[in-house]
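*Asks:* below: sequence and its predicted model.
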Amino acid sequence: MSGRSGHLREVKPRTPPDPQHVDRGPGRRDVILDAAVELFRVRGFSRTGINEIGAAVGMSGAGIYRHFDGKDDILAAVIEHAASQLFENVNNIIETHRPPLQTVVALVQNMIAAVLGNRALAAVMWKEHRHLSAPARQWADDLHDLHAASWLPTLHVLRPELWEAELRARVDAVQGLIMSVAEIDGGLRHERLTELLTDMAMAVLIESRARAEPPGSATRFQEAR
């Protein structure tokens, strides 16, 4: 994002993918990723071996290496896919001319839909990203920061009295709340859970009372720097 414009720009991985691995269509690579997501969700990344992933898709562990460099590469691909699903509609929401309150609701519900649409994928992104290599983890962290920052300009319109640090804290809290339901299925219908999460998110972002005193280290939110 440039100049706090609110747009979510692409954050590319630190190292380019091997050309032979760039197969985005339906195929063996996608089947492996789907199986890995479920294994990582149930067993965790550390307790899942490459042979188990291979067995889940009817191939040897050695066969996995024809598609990925290893388990770390699989995790990076899983999280890249999860991030793309989570963030793909953000720019469209921001660019659509609508009242600021409706924009914030749309951003919240877009994230809810992405998480509830594939809970296993969101859960792996939420829990296992700490196992990424340092460059891949930095990429994921940068993308998270850009996503959170993309909400701030619209929130500032609605809550101009708040400092940037407080706005960002509220966004981080709401995004953590939404991601937490990836691992918990309380039996609510998606429609009702979406309503509840939206209500809670908006209470944090919009309705709660501002602090009387600004934090000493914070700076006022500015649209352009």
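*Replies:* Here it is on my side, so go on.
*Asks:* how about the helices of this structure, start to end?
*Replies:* All helices of the chain, identified by DSSP state H, fall at 28-43, 50-56, 61-64, 71-87, 90-95, 100-117, 119-128, 134-158, 164-180, 190-202.
*Asks:* and the third one, how far from the chain's centre?
*Replies:* Helix 61-64 has its C-alpha centroid displaced from the chain centroid by 29 Å (C-alpha atoms, centre = their mean, to the nearest Å).
*Asks:* and that helix, what's buried?
*Replies:* Of the residues in helix 61-64, Ile64 count as buried by neighbour count, 16 or more other C-beta atoms under 10 Å. C-beta here means a position set from N, CA and C on the backbone, and glycine is covered the same way.
*Asks:* what do you get for the second one?
*Replies:* Taking 16+ other C-beta under 10 Å as the neighbour-count basis, helix 50-56 is seen to contain the buried residues 50, 53-54, 56.
*Asks:* quick one on the thing from earlier: mean pLDDT added to the helices of the chain, as JSON lines?
*Replies:* What follows is the helices of the chain, written out as JSON lines (pLDDT from 0 to 100):
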{"stretch": "helix 28-43", "mean pLDDT": "92"}
{"stretch": "helix 50-56", "mean pLDDT": "93"}
{"stretch": "helix 61-64", "mean pLDDT": "89"}
{"stretch": "helix 71-87", "mean pLDDT": "87"}
{"stretch": "helix 90-95", "mean pLDDT": "89"}
{"stretch": "helix 100-117", "mean pLDDT": "94"}
{"stretch": "helix 119-128", "mean pLDDT": "88"}
{"stretch": "helix 134-158", "mean pLDDT": "91"}
{"stretch": "helix 164-180", "mean pLDDT": "95"}
{"stretch": "helix 190-202", "mean pLDDT": "95"}
